[in-house]
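[1] sequence first, predicted coordinates after that:
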Amino acid sequence: MRDDCGLVTISGHEAFDKTVDDVCAAVTAAGYHVFARVDHTENAVRAGRELPPTTLVLFGEPTVGTDLIAERRTAAIDLPSKILVWQDGDAVRLTYNTADWLVRRHGVEREGAAAARTLEEATEQICRRTAASARA
């Protein structure tokens, strides 16, 4: 599901923790590097708050992202790429940014726009591969 805010959300078909692990494995299999896993739920608990399972996976490949950043340095605020894995009732969701949103937000053209499209295609494949792995 695409929305007007430049986000795409798809449904996962496994338990939350397995989905996060599967996303990280798919990122690595696609030739990208997982830079971090940010467990927002764990951080909320440490702050004395509650939050349904929510983890942000940051990943990238400098040969792709650098073209986007080189064209418009502000693009670095949105890189590395991210996949948000979150629990929505009984469902697990995966959310990521669209290339169009990155292009509009940073006003990139040429190599930066091509890099944004490459990143979205890779992110979409990672999410779809993760969602489909439960069905295989």
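    Structure's in. What do you need? Residues are numbered from 1 along each chain as shown.
[2] shaky segments in this protein?
    Residues of the chain meeting the criterion pLDDT under 70: 134-136.
[3] now the helices for it?
    With DSSP state H as the criterion, the chain has helices at 16-29, 40-46, 62-71, 99-106, 110-133.
[4] any chance of CSV for these, columns mean neighbour count and distance to Val8?
    Any C-beta I mention is one placed from the backbone N, CA and C, and that applies to glycine too. Formatted as CSV, these follow (neighbours: other Cβ atoms under 10 Å; distance: least, Cβ to Cβ, whole Å):
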stretch, mean neighbour count, distance to Val8
helix 16-29, 19, 14
helix 40-46, 13, 19
helix 62-71, 18, 18
helix 99-106, 18, 10
helix 110-133, 19, 7
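[5] TSV for the ones you listed, including distance to Ile83?
    Formatted as TSV, the helices of the chain follow (distance: least, Cβ to Cβ, whole Å):
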stretch	distance to Ile83
helix 16-29	5
helix 40-46	13
helix 62-71	15
helix 99-106	15
helix 110-133	6
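[6] which among these is found nearest to Pro53?
    Distance to Pro53, taken as Cβ to Cβ, is lowest for helix 16-29 among the helices of the chain, at 4.4 Å.
[7] circling back to that earlier point, nearest to Thr9, of the helices of the chain?
    Closest to Thr9 of these is helix 110-133 (Cβ to Cβ; 9.2 Å).
[8] what angle sits between that closest one and helix 62-71?
    Taking axes from the mean of the first three to the mean of the last three Cα atoms, to 10 degrees, one finds helix 110-133 and helix 62-71 inclined to each other by 140 degrees.
[9] if you count contacts, what does helix 110-133 end up packed against?
    strand 7-11, helix 16-29, helix 62-71, strand 81-88, strand 91-97, helix 99-106 (3 or more Cβ pairs under 8 Å, 6 or more residues apart in numbering; DSSP states H and E).
[10] how about residues contacting the shortest one?
    Translated: strand 7-11. Under the criterion Cβ atoms under 8 Å, 6 or more residues apart in numbering, residues 1-3, 91-98, 101, 124, 127-128, 131 lie in contact with strand 7-11.
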